[in-house]
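Asks: My questions concern the predicted model and sequence given below.
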There are 2 protein chains.
Amino acid sequence: MNNSRIKILLVDDEEDTLEFINYNLQQEGFQTACASDGVEAIELAKIFQPNLIVLDVMMPIMDGVEVCSELRKLPELKQTIITFLTARHEDYSQIAGFDAGADDYISKPIKPKLLISKIHSLLRRLQEEEIKNYIEAGGLKIDLIQHLVFTQDKELSLPKKEFNLLCLLMSKPGRVFTREEILTKVWGTETIVVDRTIDVHIRKLREKIGNDFFVTLKGVGYKFQA
Amino acid sequence: MNNSRIKILLVDDEEDTLEFINYNLQQEGFQTACASDGVEAIELAKIFQPNLIVLDVMMPIMDGVEVCSELRKLPELKQTIITFLTARHEDYSQIAGFDAGADDYISKPIKPKLLISKIHSLLRRLQEEEIKNYIEAGGLKIDLIQHLVFTQDKELSLPKKEFNLLCLLMSKPGRVFTREEILTKVWGTETIVVDRTIDVHIRKLREKIGNDFFVTLKGVGYKFQA
DNA sequence: CGGTTATGTTAACTAATCATTAAGTATCAA
DNA sequence: TTGATACTTAATGATTAGTTAACATAACCG
């Protein structure tokens, strides 16, 4: 993963801590932003759209738990991971933190290496969670939930049959699907269609997505090739 | 959140997988129940009333998709989250899965930490939906308490069905809802209405709120788009 | 309680899109 | 070269959604 695409928002009222964490994260190439109180944090979060928020629990005015609850209410931050920063032995806030919707916590005093590795593991989780509902291959991405296909330059919404056919082929890039297989998996066992129908749908996919992705194997079938 | 109040039903034909997940979830304090086939799953679901069902797609007799469809028909499981367990990129039933009304996917091989965090986030979503008093997306805001919709320029009060339909679509902007899903979630499982009814309600929403928010996917369903 | 209005549903029709086929052409492999 | 197989195009057919108005039902209100 390229760290420079990752945005992290740091929230702490102590200037020193803020600078310390900030320095370490920037060394790792993360994009960072800092806020020194809850109100500022929420404002900044809206604009900055961070992937991760590191939030001190003990803060004046509005404490971390409260800030976290507020942040969780923002729909645009649904995917954002929130982690608390707590002084050791602050058990109460840990529990309350999870109620407020935090994903993890980091204890003070902060050890840079631990912090970084923790952040990496949190981000890995984010990435893995994101991947699940996609089929990805050869620079293309199918979003099954949104029923959309993303190419390098555009996003398209395909008709049902085309979409299903593409899903099938892209589910195993490089693997050949026989015409028979395609028929049973896309059209089902009941419906009987002539072979040309597959060709036409392949053609439409070639038109919309690109010729080279779809390889014909004469007498055998088709495959998706990156 | 107190995990011990959360009930999770696990369905898989492989004894090992079942035990493995079960162990991990029990470690976290969740209440669990296990079923090894579809029929058992449905029976158990009725009695156990789980908050979350983790359902293997590949099963003999009745596959996960089929089980999911059946489960979705039970009115008492309306609030239950159903998530599929699939071998990564392996099967095509992923696509059919969303048609059946699953909420999410978890890919095998299962990583305990990911599973747990996934479950937490699913449950958080459930909780949020219960607590939340507004839905926001694409410049629109629904106030669930006041039963009002705010657009950029005006505030409107929609009839029940229209309101519920809008809530459903806006609860997950971008996500496609199949007609079947819409029917069960807005009209319930008992009432039978003709397909045109959905169209008419969509039309009214388009009229009142704006055409472009509501995207038709022929043969699939509708989605809300910002 | 009626009468009124607002909402929900349906039917019937129209429109649009998608899927399929047919037919001619191109390509490949034996 | 030739026969089989795939590609392409356009036309047709089928399916699905949009629209409208009418009817039914529920909610509202004096």
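Replies: Cool, got the structure.

Asks: right, and residue A:61 touches residue A:41 too?
Replies: No: Residue A:61 is beyond contact range of residue A:41, at 10.6 Å (criterion: Cβ atoms under 8 Å). The C-beta positions use only the backbone N, C-alpha and C, and glycine is treated the same way.

Asks: Get me the contact residues on chain A for DNA strand D.
Replies: A:179, A:195-196, A:199-200, A:202-203, A:206, A:216, A:218-221 (Cβ under 7 Å from any atom of the strand).

Asks: Now, of the residues you listed, which are buried?
Replies: Listed as buried from these are A:202, A:221; burial here means 16 or more other Cβ atoms under 10 Å in any protein chain shown.

Asks: Could you export whatever helix or strand residue A:16 lives in as PDB, CA atoms only?
Replies: Element membership for residue A:16 (DSSP states H and E) is helix A:15-27. Presented in PDB, the C-alpha positions along helix A:15-27 are these (Å, rounded to 0.1, in the frame of the first residue of the first chain):
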ATOM      1  CA  GLU A  15       1.000  20.200  21.500                       C
ATOM      2  CA  ASP A  16       4.000  18.000  22.300                       C
ATOM      3  CA  THR A  17       2.200  14.700  21.800                       C
ATOM      4  CA  LEU A  18       0.700  16.000  18.600                       C
ATOM      5  CA  GLU A  19       4.000  17.000  17.100                       C
ATOM      6  CA  PHE A  20       5.600  13.800  18.200                       C
ATOM      7  CA  ILE A  21       3.000  11.600  16.500                       C
ATOM      8  CA  ASN A  22       2.800  13.900  13.500                       C
ATOM      9  CA  TYR A  23       6.500  13.700  13.000                       C
ATOM     10  CA  ASN A  24       6.600   9.900  13.100                       C
ATOM     11  CA  LEU A  25       3.600   9.500  10.800                       C
ATOM     12  CA  GLN A  26       5.000  11.900   8.300                       C
ATOM     13  CA  GLN A  27       8.300  10.100   8.300                       C
END
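
Asks: residue boundaries of the helices in chain A?
Replies: Under the criterion DSSP state H, chain A contains helices at A:15-27, A:38-48, A:64-73, A:91-100, A:112-131, A:160-171, A:179-182, A:196-209.

Asks: Among the ones you listed, which comes closest to residue B:186?
Replies: Within these, the stretch nearest residue B:186 is helix A:160-171; the backing value is 22.2 Å (Cβ to Cβ).

Asks: Would you mind confirming that residue A:173 is in contact with residue A:137?
Replies: Yes: look at residue A:173 against residue A:137 with Cβ under 8 Å: they come within range, at 4.1 Å.

Asks: intersection of neighbour lists for those two?
Replies: A:224, A:226 (Cβ atoms under 8 Å, 6 or more residues apart in numbering or on different chains).

Asks: What confidence value was assigned to the residue of chain A found nearest chain B?
Replies: Distances between chain A and chain B by Cβ to the nearest Cβ are smallest at residue A:160, namely 4.0 Å. Looking at residue A:160, its pLDDT reads 92.

Asks: Next: residue A:183.
Replies: Looking at residue A:183, its pLDDT stands at 90.

Asks: worst average pLDDT in the helices of chain A?
Replies: helix A:91-100 (a mean of 49).

Asks: which one's the longest strand in chain A?
Replies: The single longest strand within chain A, with elements called by DSSP state E, is strand A:81-87.

Asks: now that strand: mean pLDDT?
Replies: According to the model, strand A:81-87 has a mean pLDDT of 77.

Asks: any idea how far the residue of chain A closest to chain B is from DNA strand C?
Replies: 4 Å (Cβ to the nearest atom of the strand, to the nearest Å).

Asks: Now that residue: closest residue in space, sequence neighbours ignored.
Replies: Excluding its sequence neighbours, the residue lying closest to residue A:160 (Cβ to Cβ, 6 or more residues apart in numbering or on different chains) is residue B:219, at 4.0 Å.

Asks: can I assume the one you found is in contact with residue A:157?
Replies: No: using Cβ under 8 Å, residue B:219 is not in contact with residue A:157; the gap is 11.8 Å.

Asks: residue contacts, the nearest residue to residue A:161 once chain neighbours are set aside?
Replies: What sits nearest to residue A:161 in space, not counting adjacent residues and going by Cβ to Cβ, 6+ apart, is residue A:201, at 5.9 Å. Going by Cβ under 8 Å, 6+ apart, residue A:201 touches A:161, A:162, A:165.

Asks: is stretch A:139-157 anywhere near chain B?
Replies: Yes: residues of stretch A:139-157 contacting chain B under Cβ under 8 Å from any Cβ of the partner chain: A:144, A:145, A:146, A:147, A:157.

Asks: Need the phi and psi values for the third one.
Replies: Read it as residue A:146. phi -90, psi -10 (degrees, to the nearest 10).

Asks: and residue A:206, how far is that from residue B:71?
Replies: According to Cβ to Cβ, to the nearest Å, residue A:206 stands 39 Å off from residue B:71.

Asks: re the thing from before, looking at residue A:61 and residue A:41 now, which is surrounded by more residues?
Replies: The residue with more neighbours, out of residue A:61 and residue A:41 and counting by other Cβ atoms under 10 Å in any protein chain shown, is residue A:41; that gives 28 against 11.

Asks: shouldn't the more buried one be in contact with residue A:12?
Replies: No: assessed by Cβ under 8 Å, residue A:41 is found out of contact with residue A:12, at 9.5 Å.

Asks: So what pairs up with residue A:81 in the strands?
Replies: For residue A:81, the beta-bridge partners under DSSP bridges are residue A:52.

Asks: neighbours around the closest residue in space to residue A:202 that isn't next to it in sequence, how many?
Replies: Setting aside the residues directly before and after it, residue A:202 is nearest to residue A:214 in space (Cβ to Cβ, 6+ apart), at 5.6 Å. For residue A:214, the neighbour count with other Cβ under 10 Å is 18.
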